[in-house]
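[1] sequence unknown, structure follows:
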């Protein structure tokens with residue numbers, strides 16, 4: 001069960017807080033700046049009218065949005081795995097040219113280094129997601145067309 005699933009179940013009252021904490025990796029105490037609480041942030045995002053309670057429509061909308069995000073992540077992970085032909089957990093320079101978004105960009109395609117945040121010459125999954133976010137056409141939510 002992913003952390004996102006555990007948080008959603010916690011918010012739904014189906015998972016006790018102790019079980020959420022027991023299933024997550026221990027975290028070192030935060031430095032002087034407090035880290036945001038993901039449960040509180042999720043609750044606040046789902047609580048559209050800000051009354052401190054989740055109505056059934058607010059919960060349903062938040063749950064559906066989370067499920068949609070999980071489906072997108074799963075699709076991206078499958079794409080990433082298919083592109084990683086040498087199965088080293090990263091997309092290297094020889095695999096980079098096989099990305100559909102890079103092929104579509106043609107000569108205007110950005111170099112791998114633009115998205116290689118750690119400078120190791122490869123794209124890990126998080127870096128790949130940033131590439132997709134930057135290069136993939138975004139849907140205009142109001143019109144269903146591309147931006």
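    Perfect, thanks for sending it. As the structure is a computational prediction, the values presented were derived from the model and not from experiment. Numbers count the residues shown, from 1 in each chain.

[2] max-length helix in the chain?
    Determined from DSSP state H, the single longest helix within the chain is helix 56-83.

[3] Now do that one: distance to the chain's middle.
    From the chain centre to the centre of helix 56-83 is a distance of 8 Å (CA atoms, centre = their mean, to the nearest Å).

[4] From residue 77, how far off is residue 124?
    Separation of residue 124 from residue 77 (CB to CB, to the nearest Å) stands at 12 Å. Every residue, glycine included, has its C-beta placed from N, CA and C.

[5] Compare these two and say which is more crowded by neighbours.
    Using other CB atoms under 10 Å as the criterion, residue 124 and residue 77 rank with residue 124 on top: 16 against 13.

[6] hang on, isn't that one packed against residue 90?
    Yes. Using CB atoms under 8 Å, residue 124 makes contact with residue 90 at a distance of 5.3 Å.

[7] looking at the chain, which helix or strand is least sure?
    Here the helix or strand of the chain ranked lowest by mean pLDDT, DSSP states H and E is helix 17-23, holding a mean of 41.
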